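Trainee: Got a sequence here, can you build the structure:
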Amino acid sequence: MNPLTKSSWYIVEAFGNLFSNNNKEETNTNEKNLPQSLQDTYDRIKNDCQNDYFISGKVDAGIYDIDCIFADPFVSFSGRDRFITNLENLAGGFITENYSTKLLNYETTSNDIVTTKLMVKLELNLPWKPILAWPWGVTYTIDPNTYLITKHEESWDIDPLEGVLQIFKKPKDMASDSIRRK
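Mentor: A predicted model of the protein is given here:
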């Protein structure tokens, strides 16, 4: 990946941290919130997907190992709290309430792997209101002893640079139908 594309991720993260709401609720990860079985983890992953956690910023933190590795087409890092902060920052005003999602696939491919695929279309809260849209997937790796997710790896069905370029397109340049207007 070229340095410009990769640096765009860090710039968005820095702006999110700079302009975030400092009154965030503390993440609840006490013993009562931990998964009790693999099936419990599977169900909670599916529930997160159905509740659009990647847009709402409300993720079930209790199913993630504190040192979970998070990877997307731009970057990889470890740390559940950093992941949650990034989600909350995006949901806290960068993504508008105009979006649509559709769960295309949810599959347990082995005892410790879950894969998901969603069609995501969302509007960013920038003056020209760009719309980002592409199929987006996640592969979750689960520790079969603790039932915690140890790796969350995202994939896109488009090139990362193409995704970044969508930010600079006006909505009329993209199909904007089926965006949910709340």
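
Trainee: next SSE after the helix or strand where Asn98 lies?
Mentor: For Asn98, the host element (DSSP states H and E) is strand 95-110. Following strand 95-110 in sequence order, the next helix or strand is strand 113-124 (DSSP H and E).

Trainee: So which residues make contact with that following strand?
Mentor: Taking C-beta atoms under 8 Å, 6 or more residues apart in numbering as the criterion, the residues outside strand 113-124 that touch it are 41-42, 45, 49, 54-55, 94-96, 98-109, 129-142, 167, 171, 178-179. Where you see a C-beta, it was placed from the backbone N, CA and C, and this is true even at glycine.

Trainee: What are the boundaries of the strands in this structure?
Mentor: If you assign secondary structure with DSSP state E, the strands in the chain sit at 64-71, 76-78, 95-110, 113-124, 131-142, 149-156.

Trainee: now the first one against strand 131-142, angle please.
Mentor: Comparing the axes of strand 64-71 and strand 131-142 via axes from the mean of the first three to the mean of the last three C-alpha atoms, to 10 degrees yields an angle of 130 degrees.

Trainee: now strand 64-71, how far from the chain's geometric center?
Mentor: Strand 64-71 has its average C-alpha position 13 Å from the chain's average C-alpha position, going by C-alpha atoms, centre = their mean, to the nearest Å.

Trainee: Relative to it, what are the paired strands and their orientations?
Mentor: Here strand 64-71 has these sheet partners by DSSP bridges: strand 76-78 (antiparallel), strand 149-156 (parallel).

Trainee: Go through these and pick out the most buried.
Mentor: Per residue and on average, the most neighbours among the strands paired with strand 64-71 fall to strand 149-156, with a mean of 18 (mean count of other C-beta atoms under 10 Å).

Trainee: Could I get the CA-only coordinates of that strand as PDB?
Mentor: Presented in PDB, the C-alpha positions along strand 149-156 are these (Å, rounded to 0.1, in the frame of the first residue of the first chain):
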ATOM      1  CA  ILE A 149     -11.800 -12.600  20.200                       C
ATOM      2  CA  THR A 150      -8.000 -12.400  19.800                       C
ATOM      3  CA  LYS A 151      -8.000 -11.100  16.200                       C
ATOM      4  CA  HIS A 152     -10.500  -8.900  14.300                       C
ATOM      5  CA  GLU A 153      -9.400  -8.700  10.600                       C
ATOM      6  CA  GLU A 154     -11.400  -6.500   8.200                       C
ATOM      7  CA  SER A 155     -11.500  -6.900   4.500                       C
ATOM      8  CA  TRP A 156     -13.000  -4.800   1.800                       C
END
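
Trainee: who's in contact with it?
Mentor: With contact meaning C-beta under 8 Å, 6+ apart, strand 149-156 is reached by 41, 45, 63-65, 67-73, 83, 134-143, 163.

Trainee: Any quick PyMOL command for the buried ones out of the residues you listed?
Mentor: The following PyMOL command selects only the buried members of those, with burial defined by 16 or more other C-beta atoms under 10 Å:
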select buried, resi 41+45+63+64+65+68+69+70+71+72+73+83+136+138+140+141+142+163
